[in-house]
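Trainee: coords below, sequence missing:
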């Protein structure tokens, strides 16, 4: 048991290590591309339509809306998927696993626009329907990785913990969740980045966000507006993923 735990700890510590290049490349890319983009927008001669779409701080306000959409939907998905994933790994509730995974798969089985159209028909338009759609898209990666992470814990470790007198709750909190954390957090990062991109489609049900700028650029045939919204969304996704990588490296508990 000791040798296996030490091996798991070495693998976990290796997972947490990040080379200096990985710390630097993402923020450098965001800063350089962002500076070029906003310099171009700032120095370009915008007509009245373009000025209404990307002028006077509208990019920042729409980016904040986008972050709110992503943040709330990811938090709700996390609050639903992690407890559900833990529940179906308990022997008594394993029979629920195919059902919950099947329900979670529905969110990503349909094309994004088709799913948003379905949400529009069932709930209507606005901020809350957009949140519901994004939650449905984010649940599957978190749920699947939570289940996979907990099920990957060596049964010998749990048996040894039982032999030491630990309760099932103590084993879950002290053994299973810490060991499963890297796999679980990978699902959380995936869901968050997916939500950044999918949130751009919330504009079609009046959900707000950077998708409004992209849609306006397409509808008005203004390339500078379209590219500004699209590039800003991509830079936001890169930044969120980079922050997630830092958080994972910092908060992953050491394994002994």
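Mentor: Perfect, thanks for sending it. Predicted, not measured: the structure shown is a model, and the values here were computed from it.

Trainee: Going C-terminal from the helix or strand hosting residue 79, what's the next secondary structure element?
Mentor: Using DSSP states H and E, residue 79 sits within helix 58-88. Going down the chain from helix 58-88, the next helix or strand is helix 97-109, by DSSP H and E.

Trainee: neighbouring contacts of that next one?
Mentor: 81, 84, 88, 115, 136-140, 143-144, 147 (CB atoms under 8 Å, 6 or more residues apart in numbering). In short, each C-beta sits where N, CA and C put it, glycine included.

Trainee: Could you do stretch 216-231 as well?
Mentor: The contact list for stretch 216-231, computed with CB under 8 Å, 6+ apart, reads 33, 37, 40-41, 44, 46, 49-50, 53-54, 59, 62, 200, 210-214.

Trainee: Equivalent analysis for stretch 42-62, please.
Mentor: With CB under 8 Å, 6+ apart, stretch 42-62 has contacts from 38, 41, 208-210, 212-213, 216-217, 220, 222, 224-225, 228-229, 232.

Trainee: Please narrow those residues to those residing in helices.
Mentor: 38, 41, 212-213, 216-217, 224-225, 228-229, 232 (DSSP state H).

Trainee: Adding distance to residue 172 and pLDDT as columns, could you present these in CSV?
Mentor: Listed next are those as CSV, based on distance: CB to CB, whole Å; pLDDT from 0 to 100:
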residue, distance to residue 172, pLDDT
38, 47, 81
41, 51, 80
212, 43, 93
213, 45, 93
216, 49, 92
217, 49, 92
224, 53, 90
225, 50, 91
228, 47, 92
229, 44, 92
232, 41, 93
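
Trainee: quick one on the thing from earlier: generate a ChimeraX selection restricted to the buried subset of the contacts of stretch 216-231.
Mentor: In ChimeraX, this line selects whichever of these come out buried by 16 or more other CB atoms under 10 Å:
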select :37,41,46,50,53,54,59,62,200,210,211,212,213,214
